[in-house]
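Colleague: for reference, the sequence and a predicted model appear below.
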Amino acid sequence: MSTIQPIAGSNEPHPDVALVESVRNGDVSAYDQLVRKYERQVFRIAQHITQNREDAEDVTQDAFLKAYEKLDQFQGNSKFYTWLVRIAVNESLMRLRKRRTGKMVSIDEDVETEEGSVPRDLADWAPDPEQNYTQSELAEILRKTVQGLPHGFRVVFVLRDVEGLSTEETAETLGLSVPAVKSRLLRARLQLRERLTRYFRRRRGQEPSQGDGVEK
Amino acid sequence: MTCTEFLKVLDDLIDDNVAAEMRAEVEQHMHKCGHCEVVFNTTRKTIEIYRSHEIYELPTDLRERLHNAIMERCKRGC
């Protein structure tokens, strides 16, 4: 029995491969398609990391420009998207460093915390708990809750669970080991679950109490 | 299976990455342990909610502005 698994879809080249090749041959419109395809994701990731709209706009521009400039260095042994995300993550971290001058910012920051590694609040949630909030209230709750995660957990959660990268791709993008990604992912998920329980728990009196803040 | 052992496989369970035997063991544990069942269901729901709600939308006008700025600079050779 072979233990070597074929890479999924390795027989069919990813559609980005042809686009990247066209860009390398001088076809700028092919890059237009790549930008169109991934600009929303890059913006979202940048906003998650920098937590600032203007920074996210700048990062989105800079990441695509850097990718364009460096396209010759793209080896093609990873997906174009993963490579692009790696550039976007690095640009976002640089942006954060500029803002917090003098303070080191890295994805290893704050991950020593033990908070949330063991579930404490075991209250069940209401059925379809998001129905109790308007779209904008819910978005605010979700934003504040994910922003409260330690930086190194948040990035892993966003790439892996929100953007749908695999564990291996997340590890490669962040320069972390696979076990490190797994351990951060579990703790990120548990901490988010714990914090969302404050809003989504099954309540007798329905409405959550006013002034329910979000833990930082 | 203990609750600690359950937590160790929680991620793989959520990602549907466990063998049938392990899944049966986990299900048996959750059947007896209401707390772990709640943790499993609410963690899964947490991910589902984050996946299905766009919390940082890129409005169309901003998207167009960004897109044009990027392409303009690419065409100029950055």
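Modeller: Yep, that arrived.
Colleague: from chain B, how far off is the residue nearest the centre of chain A?
Modeller: What sits nearest the mean C-alpha location of chain A, by C-alpha atoms, centre = their mean, is residue A:158, with 2.5 Å. As defined by C-beta to the nearest C-beta, to the nearest Å, residue A:158 lies at a distance of 9 Å from chain B. From N, CA and C alone the C-beta is placed, and that goes for glycine too.
Colleague: cool, residue A:84 as well?
Modeller: Here residue A:84 is placed at a distance of 12 Å from chain B (C-beta to the nearest C-beta).
Colleague: surely residue A:87 meets residue A:67?
Modeller: Yes: here residue A:87 reaches residue A:67: they are 5.4 Å apart, a contact under C-beta atoms under 8 Å.
Colleague: was I right about the residue nearest to the centre of chain A contacting residue A:46?
Modeller: No: contact between residue A:158 and residue A:46 fails when scored by C-beta under 8 Å: they sit 10.4 Å apart.
Colleague: run a quick neighbour tally on the closest residue in space to residue B:73 that isn't next to it in sequence.
Modeller: Nearest non-adjacent residue to residue B:73, counting by C-beta to C-beta, 6 or more residues apart in numbering or on different chains: residue A:65, 5.7 Å away. Residues near residue A:65, counting by other C-beta atoms under 10 Å in any protein chain shown, number 18.
Colleague: now swap in the one 4 residues further on and tell me
Modeller: Around residue A:69 there are 12 other residues, counting by other C-beta under 10 Å.
Colleague: state the pLDDT value of it.
Modeller: Listed pLDDT for residue A:69 reads 95.
Colleague: do the same with the one 4 residues further on
Modeller: The predicted local distance difference test score for residue A:73 is 90.
Colleague: which stretch of helix or strand covers the residue in chain A positioned nearest to chain B?
Modeller: When scored by C-beta to the nearest C-beta, chain A has residue A:47 as its residue closest to chain B, at 4.1 Å. Counting by DSSP states H and E, the element that carries residue A:47 is helix A:28-50.
Colleague: and that helix, what does it pack against?
Modeller: Applying 3 or more C-beta pairs under 8 Å, 6 or more residues apart in numbering or on different chains; DSSP states H and E, we find helix A:28-50 packed against helix A:15-24, helix A:53-69, helix A:80-99, helix A:151-157, helix B:60-75.
Colleague: please identify the most buried of those.
Modeller: Mean neighbour count (mean count of other C-beta atoms under 10 Å in any protein chain shown) peaks for helix A:151-157 among these, with a mean of 24.
Colleague: what sits against the nearest residue in space to the residue nearest to the centre of chain A that is not next to it in sequence?
Modeller: Nearest non-adjacent residue to residue A:158, counting by C-beta to C-beta, 6+ apart: residue A:48, 4.6 Å away. Applying C-beta atoms under 8 Å, 6 or more residues apart in numbering or on different chains, we find residue A:48 in contact with A:146, A:154, A:155, A:158, A:162, B:56.
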